[in-house]
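**Student:** just coords:
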């Protein structure tokens, strides 16, 4: 079963916690033991797993990505969003996460983050749960 989550981003670059929506998709699937595939079908966005307890972690990640890219004016892509394409490729567009006991099995401090690199936009994340 494939479910599509809708996400409305508000800033040019931001991380949006989509953990609850993915957990709901897992619960609705009825799968007890298996995997959840989380896929971002965009070229200037990505998905990742990281801490959700301290908001400074997200701020630090966004700063690190800005520092990593440096002066984006050096990129050749005519649309002006080459940095978004770079970050999408670096972080990746898919996650494979364990499902056990009918629940997503993340670590205590982990969350699933949708990473917007060229917003604000209306975005989608696809979730497919496979198992028994």
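**Tutor:** All right, it came through fine. Predicted, not measured: the structure shown is a model, and the values here were computed from it.
**Student:** with adjacent residues omitted, what lies nearest to the residue positioned nearest the centre of the chain?
**Tutor:** Centroid-nearest residue in the chain, with C-alpha atoms, centre = their mean: residue 47, separated by 2.1 Å. Spatial nearest neighbour of residue 47, chain neighbours left out: residue 40 (4.8 Å); criterion: C-beta to C-beta, 6 or more residues apart in numbering. To be clear about C-beta, it is placed using only N, CA and C from the backbone, and glycine gets the same treatment.
**Student:** tell me who's in contact with that neighbour.
**Tutor:** Taking C-beta atoms under 8 Å, 6 or more residues apart in numbering, we find residue 40 in contact with 46, 47, 88, 93, 94, 114, 123, 124, 125, 126.
**Student:** ok but the third one is inside a strand, no?
**Tutor:** Spelled out, it's residue 88. No. Judged by DSSP: H, G, I helix; E, B strand; the rest coil, residue 88 forms no part of a strand; its state is helix.
**Student:** hmm, back to that, show the buried residues in the contacts of residue 40.
**Tutor:** 46, 47, 88, 93, 114, 123, 125 (16 or more other C-beta atoms under 10 Å).
**Student:** isn't the fourth one right next to residue 46, touching?
**Tutor:** Read that as residue 93. Yes. With contact defined as C-beta atoms under 8 Å, residue 93 and residue 46 form a contacting pair (5.5 Å).
**Student:** returning to what we had before: which residues does the residue nearest to the centre of the chain bridge with?
**Tutor:** Listed by DSSP bridges, the beta-bridge partners for residue 47 are residue 114.
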